[in-house]
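>>> Predicted coordinates and the sequence they were generated for:
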Amino acid sequence: MANEQPTESIKTGKSGRARQIRMGAIVLLVLLVIGTIYWWFFLRNHVSTDDAYAKADNAMISTRVPGTVIKVLVHNDYAVRTGQPLVELDPTDYKVSVDRARASLDEARADLKAAEILVPPVNIATSSNVDAAQASLGAAMDAVTQTGHSVEQLKESRAAAAAELALATRDRNRFANLSASGAGTPRRQEQAQTAYDTARARVSGFDAQIAAQKSALSAASQQVARYRAQLQGVKSKRSDVAVQIHKVEALKAKCDRLKAELETTRLQLSYCTITAPIDGYVAEKSVQIGDRLQPGQALMAVVPLKQIYAEANFKETQLADVRVGQPATLEADIYPGHTFTGKVAGIRAGTGAAFSLIPPENATGNWIKVVQRIPVRVELDSPPPPQYPLRVGASLQVTINTKNKKGPPLLHPTWTAVSSKSSPKP
């Protein structure tokens, strides 16, 4: 009987260990099944990284004109709106430049108005002188023509008178011979002498008239030459009109130049008030009253926290199935338990090492393969809620759902245009 009890105890212990082994195997199998199901449904199509940080396209504020700071209207962490004044420079010098440019423009406009007023009188006077010279020349030429006709008529009349004188001369000589021979009467001789004297007087009269008309013709010809020269001189004065017109054009160009200079000085005056280009929060302020600023000098940054996005540095081995447009979840270390949602907006064209200040030279020396990381931009579906604002540089845990692989691995220009239109405005 004493030997039977130990045997039963041994059998009972073996059966208990067998049951424990079976239970452990069952539990292990159940955990394996549960782990497989969890991986299949929750981890299989997801990639995750904690090498992710919040970023924003900050606007660096700088001055466009040199000047001395007289007012600083904001401080770090201030919320600002687009167009809100941030810093004011001393505008005195620029106001003087505006006044000087305005005075120069007013002076040029007055000169232009005076020149424009002179154009019509000069044009009218020149036209009148040309018309008068042309009329005088025409009258002189008509006088030459008329005098020439008178000379021709007188020559014809003189020819007739000369013929009569020749006849009277023959009659006088014949009757003188007859009277000397006693054949003619004294009365007939006197009549012949009278006819001769009359004919000669007519010829002499025509000669005197022809000489007078020729003198008049010569004078008229000289007058024509004088009026023709006068007309040429008056016509040459038309260049004065052209000069005046060109002067007007030059003054117009000068007015345009001075107007542009005035607009430039006004712009420089407006730049004395430095405003916020976007909505956001002030950070890295480094300007104080009395500072002497130069163009391009950084004064502060405006951080658009409503436009914040995530830059997740995934291992290159994780990006095989990542596509633009895939949904993502983001968890910030600053807000445990709160999840942000977003979408993949782009995958960087190179690794972080490729764009570093000193990129690696793997073709030299001993080489050790290191898994590289490629930045992935994840944009939030909506701005962070007021109670959970994200700060630039905040650490994030980013998980991308890669189940839908229809999106492109690289942005296409049409995608870029669509995303820029759909992105919220600052």
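Everything's here; your move. Numbers count the residues shown, from 1 in each chain.
>>> from what I can see T49 touches K315, true?
Yes - counting by Cβ atoms under 8 Å, T49 does reach K315; the two are 7.3 Å apart. The C-beta positions use only the backbone N, C-alpha and C, and glycine is treated the same way.
>>> Spell out, range by range, the helices that occur in the protein.
Counting by DSSP state H, the chain has helices at residues 4-38, 92-181, 186-236, 238-270, 413-422.
>>> rank those helices by mean pLDDT and give me the bottom one.
Sorting the helices of the chain by mean pLDDT places helix 413-422 lowest, at a mean of 51.
>>> quick one, domains of the protein?
When the chain is parsed with automatic domain parsing, its domains come out as 60-92+275-299, 95-258.
>>> Now do the last one: distance from first to last residue.
Between the opening and closing residues of domain 95-258 there is a gap of 16 Å (Cα to Cα, to the nearest Å).
>>> Also the first one?
The distance separating the two terminal residues of domain 60-92+275-299, taken as Cα to Cα, comes to 7 Å.
>>> Tell me how far it lies from the chain's centre.
Relative to the chain's own centre, domain 60-92+275-299 is displaced by 28 Å; criterion: Cα atoms, centre = their mean, to the nearest Å.
>>> Kindly report the same for stretch 320-335.
Worked out by Cα atoms, centre = their mean, stretch 320-335 lies 43 Å from the chain centre.
>>> Check the model's average confidence along it for me.
Stretch 320-335 comes out at a mean pLDDT of 92.
>>> cool, stretch 288-296 as well?
93.
>>> Distance across that stretch, terminal residue to terminal residue?
Terminal-residue distance, stretch 288-296 (Cα to Cα): 16 Å.
>>> What residues of that stretch count as buried?
Within stretch 288-296, the residues scored as buried using 16 or more other Cβ atoms under 10 Å are 291, 293.
>>> what does it contact?
Residues from elsewhere that reach stretch 288-296 (Cβ atoms under 8 Å, 6 or more residues apart in numbering): 62-72, 89, 287, 299.
>>> where's the most centrally placed residue in the chain relative to K254, distance?
Geometric centre of the chain, nearest residue: A260, 12.6 Å, by Cα atoms, centre = their mean. According to Cβ to Cβ, to the nearest Å, A260 and K254 sit 11 Å apart.
>>> and of the contacts of stretch 288-296, the nearest to D321?
Ranked by distance to D321 (Cβ to Cβ), those are led by S62 at 43.0 Å.
>>> Pairing partners for the closest one in the sheet, please.
Beta-bridge partners recorded for S62 (DSSP bridges): A298.
>>> Look up how far D279 lies from it.
18 Å.
>>> okay, those two: which has more neighbours?
Each of S62 and D279 has its neighbours counted (other Cβ atoms under 10 Å); D279 has more, 19 against 15.
>>> number of nearby residues for T329?
T329: 16 neighbours (other Cβ under 10 Å).
>>> If you could redo that for G138, that was the one I meant.
What G138 shows, counting by other Cβ under 10 Å, is a neighbour count of 13.
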